[in-house]
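K.L.:
got a predicted structure plus its sequence, pasted below:
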Amino acid sequence: MSQDAPSPETGHKTRSPASIAPIDRAAALEKLKAGAVGLDTTYELATGEKTRRIYLDSTASTLRLSVVQDTLDKFMPHYANTHSVLHFGAKLSTTEFKWAHDMVLEFVGADPEKYTAFFVGSGATGGINRVARTLREKRPDRDVVITSIMEHHSNDLPHRKHSPNVVHVPAEMSTTTIGRVDVERIKEALEENEGRVNYVAITGVSNVTGIINPVHEIARLAHAHGALIVVDAAQMAAHVPIKMTGNDDPECDLDVVILSGHKIYAPGSPGAVVTRIDLFEDIEPQEVGGGMVDDVYVNRYTTSKNFPDREEAGTPNINGAVGLAASLYALHSVGMDTVEADERELIEYALEKMSAFEDVTIYGEADSTACERAGAISFNIRGMNHGLTAAVLNDFFNISVRNECFCAHPYVREMITEALAEEDDDYVELQSLSEARQGMVRASFGIYTTRADVDALVAAIEKMAADKDEYEPLYDPLPNGDYRHKTFSFEPDQVFSVRNAVDSWLTD
């Protein structure tokens, strides 16, 4: 729909997502980077010092950009439910909710004539489950799904549940270690299961290593065998450009892409599925209820043919959709190519600094010229359990990281096994005592991560590697694999609790 064209749903003018105001991209990027809710949060450490936290857990969930918070603050006085235009608030909410769908399509470069976007709960997980169920019903004669060992459980378990046969393709060896998915093995799997493959489900960017997969190359291979491609873009969307349609070779276009608002600077936002309309047409929607029907009688109902309404039963997460649209529009205005280039410099800087430590193992190919990365670096300090490393980084350096297996157990185990093969016998024995204790530490970046943040991480790792024997006696290992400081503790309800916040408001 062109800018200022009348909307058939609301009867008044709407805006095209593509109508981006001219801006200084470099200046806008710096403004986005400097503004996120929570960047200035401080905590008291085990040393008694109070410092600003360094948030390196963006792959789990990004912080909310200030532009998203500001947009929601301006929207909330007008909030009303959607699917009505007969009072001011409802008309405004309906218009913005529709525009949010259009913005998702624009952000991932999907042809609005052939593709639709709809929102789902549970982030990308909800979307992938919906896609797995629908494609199984849509193409019942194709009983094989190809995926990879690199996948988050959200892009693995739904396919196992809804398809009778799932093939897991390994990652290939790069220059020195494991890199991207093995494309040749995908080709072989397609040939071995000729005529039976429903779709190839692949992550665009690994949530463990940040390694980028060649999704368009995989799409071309899948299409050559009559298969579809489903891309888990939960980690991809915040870091690299996505172009679903309009590629030089149409066979490289993507059929389905799933992303999640909480991983693209809009926590509290829903997941989004972008799909070819024909893949969801002519079959009963997976979820039914209000809003997805044209008419209902005592003994029957008529499902709407309108997208995305037919896929969004019930009252939608309107606030979340508005917040996600604000984030996508801001990033689209700056340009994801600009975001990607800026982050690439930071990733390469961090890899160079961290690779200099003899006692640090970096998982996945660390040479970015051999294997592109985005968003995350997973590592271990030799001789320190990953849980202890994460605890010490938090308690003594106020650096927020994540540890264990990141809901990608097969991939993590494979990389640890491959890395241990290069180590001496004593270290292998130490790390292999219990498979349940195996894991790694992940530092993950967002648009707001700076070189100063990386320098702080590197300095902390250097100190920990040098003084590792001094930290372990300070902690008690817990049965679940966590580590708890023996004398220092953080009490969450002394900082924030819903009950305290409400009590304070009621009695103020």
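P.N.:
Noted; the coordinates are in hand.

K.L.:
and the helices in the stretch 251-400 of the chain?
P.N.:
For the stretch 251-400 of the chain, applying DSSP state H, counting those that start in this stretch gives helices covering 318-334, 336-355, 386-397.

K.L.:
Serialize the ones you listed to JSON lines and add fields for mean neighbour count and mean pLDDT.
P.N.:
To be clear about C-beta, it is placed using only N, CA and C from the backbone, and glycine gets the same treatment. What follows is these, written out as JSON lines (neighbours: other Cβ atoms under 10 Å; pLDDT from 0 to 100):
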{"stretch": "helix 318-334", "mean neighbour count": "23", "mean pLDDT": "97"}
{"stretch": "helix 336-355", "mean neighbour count": "17", "mean pLDDT": "96"}
{"stretch": "helix 386-397", "mean neighbour count": "23", "mean pLDDT": "97"}
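
K.L.:
of all these, which one is nearest Ala28?
P.N.:
For Ala28, the closest of the helices of the stretch 251-400 of the chain is helix 318-334, at 5.0 Å, according to Cβ to Cβ.

K.L.:
now for that closest one, which elements pack on it?
P.N.:
helix 25-34, helix 66-75, helix 88-107 (3 or more Cβ pairs under 8 Å, 6 or more residues apart in numbering; DSSP states H and E).

K.L.:
can you rerun that using 10 Å?
P.N.:
If you count contacts as 3 or more Cβ pairs under 10 Å, 6 or more residues apart in numbering; DSSP states H and E, helix 318-334 packs onto helix 25-34, helix 66-75, helix 88-107, strand 115-120, strand 256-260, strand 271-276, helix 336-355.

K.L.:
and the last one, what does it pack against?
P.N.:
Pointing back at helix 336-355 there. helix 25-34, helix 318-334, strand 360-362, strand 376-381, helix 451-466.

K.L.:
can I get the longest one in CSV, CA atoms only?
P.N.:
The C-alpha trace of helix 318-334 is given here as CSV (Å, rounded to 0.1, in the frame of the first residue of the first chain):
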residue,chain,number,x,y,z
ILE,A,318,-1.1,-5.1,20.8
ASN,A,319,1.5,-3.3,23.0
GLY,A,320,4.1,-5.9,22.1
ALA,A,321,3.4,-5.6,18.4
VAL,A,322,3.7,-1.8,18.6
GLY,A,323,7.0,-2.1,20.5
LEU,A,324,8.3,-4.6,17.9
ALA,A,325,7.3,-2.4,15.1
ALA,A,326,9.1,0.6,16.7
SER,A,327,12.3,-1.4,17.0
LEU,A,328,12.1,-2.8,13.4
TYR,A,329,11.4,0.6,12.0
ALA,A,330,14.3,2.2,13.8
LEU,A,331,16.7,-0.5,12.7
HIS,A,332,15.3,-0.4,9.2
SER,A,333,15.8,3.3,9.1
VAL,A,334,19.4,3.0,10.1
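
K.L.:
centre of the chain versus it, how much separation?
P.N.:
Distance of helix 318-334 from the chain centroid (Cα atoms, centre = their mean, to the nearest Å) equals 15 Å.

K.L.:
okay, the angle between it and strand 256-260?
P.N.:
On the basis of axes from the mean of the first three to the mean of the last three Cα atoms, to 10 degrees, helix 318-334 is oriented at 110 degrees to strand 256-260.

K.L.:
just to revisit the earlier point, make a markdown table from the helices of the stretch 251-400 of the chain and add distance to Val298 to it.
P.N.:
A markdown table is the format used below for the helices of the stretch 251-400 of the chain (distance: least, Cβ to Cβ, whole Å):
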| stretch | distance to Val298 |
| --- | --- |
| helix 318-334 | 31 |
| helix 336-355 | 50 |
| helix 386-397 | 57 |
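
K.L.:
can I assume Ser174 is in contact with Met415?
P.N.:
No. Using Cβ atoms under 10 Å, Ser174 is not in contact with Met415; the gap is 12.0 Å.

K.L.:
so between these two, which is more surrounded?
P.N.:
Applying other Cβ atoms under 10 Å to Ser174 and Met415 shows that Met415 carries more neighbours, namely 23 against 16.

K.L.:
still on that earlier bit, please name whichever of the helices of the stretch 251-400 of the chain is nearest to Asn480.
P.N.:
Proximity to Asn480 (Cβ to Cβ) singles out helix 386-397 among those, at 8.8 Å.

K.L.:
could you give the angle of that closest one to strand 376-381?
P.N.:
On the basis of the same axes, to 10 degrees, helix 386-397 is oriented at 100 degrees to strand 376-381.

K.L.:
okay, the helices and strands packed on helix 336-355 in JSON lines with distance to Tyr55 next?
P.N.:
Formatted as JSON lines, those follow (distance: least, Cβ to Cβ, whole Å):
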{"stretch": "helix 25-34", "distance to Tyr55": "13"}
{"stretch": "helix 318-334", "distance to Tyr55": "17"}
{"stretch": "strand 360-362", "distance to Tyr55": "21"}
{"stretch": "strand 376-381", "distance to Tyr55": "13"}
{"stretch": "helix 451-466", "distance to Tyr55": "8"}
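
K.L.:
average pLDDT for stretch 167-185?
P.N.:
Stretch 167-185 shows a mean pLDDT of 92.

K.L.:
distance from it to the middle of the chain?
P.N.:
Distance of stretch 167-185 from its chain centroid, counting by Cα atoms, centre = their mean, is 21 Å.

K.L.:
cool, stretch 470-486 as well?
P.N.:
A distance of 30 Å separates the centroid of the chain from that of stretch 470-486, by Cα atoms, centre = their mean.

K.L.:
check the spacing between the spatially most central residue of the chain and Thr203 real quick.
P.N.:
What sits nearest the mean C-alpha location of the chain, by Cα atoms, centre = their mean, is Ala234, with 2.8 Å. Look at Ala234 and Thr203: by Cβ to Cβ, to the nearest Å, they are 8 Å apart.

K.L.:
what do those two both touch?
P.N.:
Ala124, His152, Ser154, Asn155 (Cβ atoms under 10 Å, 6 or more residues apart in numbering).

K.L.:
wait, doesn't the second one sit right on Ala60?
P.N.:
Think His152. No. Using Cβ under 10 Å, His152 makes no contact with Ala60, being 11.1 Å away.

K.L.:
okay, and the common contacts of those two?
P.N.:
In contact with both His152 and Ala60: Asn207, Phe406, Cys407, using Cβ under 10 Å, 6+ apart.

K.L.:
ignoring the adjacent residues along the chain, who's closest to the last one?
P.N.:
Sequence neighbours aside, His153 is the residue nearest to Cys407 in space, at 4.5 Å (criterion: Cβ to Cβ, 6 or more residues apart in numbering).
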